[in-house]
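>>> Could you look at this predicted model? Sequence included:
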Amino acid sequence: MIQRTLSILKPDATDRNITGEINGMIEAAGFRIIAQKRVLITLDQARKFYEVHKERPFYDDLCAFLSSAPTVVQVLEKENAINDYRTLMGATNPASADEGTIRKRFAPSIDKNSVHGSDSPENAAIEIKFFFSETEIVG
Ligand code: CMP
């Protein structure tokens, strides 16, 4: 089934000017980037976006990091996009990420893990709506 997933290239990626290299890996893996914009996420937006993690001890640091510098938010489309993008990203902790994944290649730590991807069809729909209107998505 063709699916859409929400991807974020996080502040550690924009900071090191590697968003193009990451997009190269995304496109080489067969995803189409059907919407994309560079945004400075506010602290309030970050807290809302990561609300599911609000009881976790790392929540405040996570939200501060996501709003600390520009991000690139994007909608990726592909057969089985949600799971396939999670595979391409690699494990949340880059120390455990497989060879050939974005996090293995680029992520310095679990906090600064370069990319975010939706974890389910329900969350993909919510997260895409969080950043994009329908007219901004050109499939
Ligand atoms: P992400 O996929 O964007 O979703 C939540 C983020 O929390 C995760 O990537 C990590 O960058 C961050 N995080 C920090 N510490 C942890 C942890 N111990 N377990 C899971 N996620 C963590």
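All right, it came through fine.
>>> Can you give me the neighbour number for the residue lying closest to I110 once chain neighbours are set aside?
Distance criterion Cβ to Cβ, 6 or more residues apart in numbering; nearest residue to I110, sequence neighbours excluded, is N93 at 4.4 Å. Backbone N, C-alpha and C define where each C-beta goes, glycine included. For N93, the tally of surrounding residues (other Cβ atoms under 10 Å) stands at 13.
>>> what pLDDT does N93 get?
Per-residue confidence (pLDDT) for N93: 98.
>>> what does I82 give?
Per-residue pLDDT puts I82 at 98.
>>> And the helices in the chain?
Ranges of helices within the chain are 11-15, 19-28, 43-49, 59-66, 81-89, 102-106, 121-131, based on DSSP state H.
>>> Would you mind giving the ones you listed as a markdown table with mean neighbour count added?
Output for the helices of the chain, formatted as a markdown table (neighbours: other Cβ atoms under 10 Å):
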| stretch | mean neighbour count |
| --- | --- |
| helix 11-15 | 19 |
| helix 19-28 | 15 |
| helix 43-49 | 16 |
| helix 59-66 | 16 |
| helix 81-89 | 20 |
| helix 102-106 | 21 |
| helix 121-131 | 16 |
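>>> Among these, which comes closest to K37?
Closest approach to K37 among the helices of the chain (Cβ to Cβ): helix 121-131, 7.6 Å.
>>> now for that closest one, which elements pack on it?
Packing partners of helix 121-131 (3 or more Cβ pairs under 8 Å, 6 or more residues apart in numbering; DSSP states H and E): strand 2-9, helix 43-49, helix 81-89.
>>> Which secondary structure elements does the last one sit against?
Helices and strands touching helix 81-89, as assessed by 3+ Cβ pairs under 8 Å, 6+ apart, comprise strand 2-9, helix 19-28, strand 71-79, helix 102-106, strand 115-117, helix 121-131.
>>> In JSON lines, list the ones you listed along with mean pLDDT and distance to the ligand.
Shown next, in JSON lines, are the helices and strands packed on helix 81-89 (pLDDT from 0 to 100; distance: least, Cβ to the nearest ligand atom, whole Å):
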{"stretch": "strand 2-9", "mean pLDDT": "98", "distance to the ligand": "7"}
{"stretch": "helix 19-28", "mean pLDDT": "98", "distance to the ligand": "14"}
{"stretch": "strand 71-79", "mean pLDDT": "98", "distance to the ligand": "11"}
{"stretch": "helix 102-106", "mean pLDDT": "98", "distance to the ligand": "9"}
{"stretch": "strand 115-117", "mean pLDDT": "98", "distance to the ligand": "4"}
{"stretch": "helix 121-131", "mean pLDDT": "98", "distance to the ligand": "10"}
